[in-house]
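**Q** Sequence and predicted model, in that order:
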Amino acid sequence: MNPVELSITIARPREEVFEYLADIANHPEFTDHFLTHWHLTREQSYGRGAGARFMVTAPLQRFNWADVTLSEVESPRRIVELGRTGKFNRIRLFAEYVLDPAPGGGTRVSFRTETDPSLPTDRLMESFGLRRWVRRNYTRALRRLRAILEDGEQRGERATVAPG
């Protein structure tokens, strides 16, 4: 899938926004409308190496589990998530949050995500409106992120380590 790039300005200090995003257990709080059943892949949910597994509720997707790991965490500017999804986890995922100072003491959050399907059949499945679906849902997620950080709006549940 071609990259989806979005941005939003949050009226909170950059360090506060970074601390929230660097804890992957917080991500279900603003993405639970399209990414569900979150479970941490290790006990430590903050910083480099923290990861989670979740279900993507995209239409027409038969293999909808994905996992991501925070691979680069450059305080307070950048967070990179790498992961895999699809059948046999053969589709690579990339997501990046870049935090820049905004006028008035706020933070401009730039978000970018893309996938790299390995087979023609995977590319075909992504061609059925997945990019538009991803853009719509991450736009809503960034608005929810802003509402949580600025207004203390109702948060969803945090991810936890899977029982077992």
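**A** Yep, it's here.
**Q** Give the helix, strand or coil label for the residue lying closest to residue 89 once chain neighbours are set aside.
**A** Spatial nearest neighbour of residue 89, chain neighbours left out: residue 67 (7.5 Å); criterion: CB to CB, 6 or more residues apart in numbering. Heads up, the C-betas are built off the backbone N, CA and C, glycines and all. When classified by DSSP: H, G, I helix; E, B strand; the rest coil, residue 67 comes out as strand.
**Q** Can you give me every residue that contacts residue 67?
**A** When contacts are counted by CB atoms under 8 Å, 6 or more residues apart in numbering, residue 67 touches 41, 51, 52, 53, 54, 83, 84, 85, 89.
**Q** Could I get the pLDDT score of the first one?
**A** Okay, so that is residue 41. At residue 41, the model reports a pLDDT of 94.
**Q** count of neighbours near it?
**A** Per other CB atoms under 10 Å, the neighbour tally for residue 41 reads 18.
**Q** Double-check it against residue 70; I have them as touching.
**A** No. Residue 41 is beyond contact range of residue 70, at 10.6 Å (criterion: CB atoms under 8 Å).
**Q** got any residues that touch both of these two?
**A** Shared contacts of residue 41 and residue 70 (CB under 8 Å, 6+ apart): residue 51.
**Q** now the strands: where do they sit in this structure?
**A** With DSSP state E as the criterion, the chain has strands at 4-10, 35-40, 51-56, 65-74, 78-85, 91-102, 106-116, 160-161.
**Q** mean confidence for the fifth one?
**A** Just to be clear, that refers to strand 78-85. For strand 78-85, the per-residue pLDDT averages 97.
**Q** Buried residues, it. List them.
**A** Using 16 or more other CB atoms under 10 Å as the test for burial, strand 78-85 gives 79, 80, 81, 82, 83, 84, 85.
**Q** That strand pairs with which strands?
**A** Strand pairing for strand 78-85, using DSSP bridges, gives strand 65-74 (antiparallel), strand 91-102 (antiparallel).
**Q** The shortest one now?
**A** Note on strand 160-161: by DSSP bridges, its sheet partners are strand 35-40 (parallel).
**Q** residues touching the spatially most distant residue from the centre of the chain, list them.
**A** In terms of distance from the mean C-alpha position of the chain, residue 104 ranks first, at 26.2 Å (CA atoms, centre = their mean). Residue 104 sits next to residue 11 when contact means CB under 8 Å, 6+ apart.
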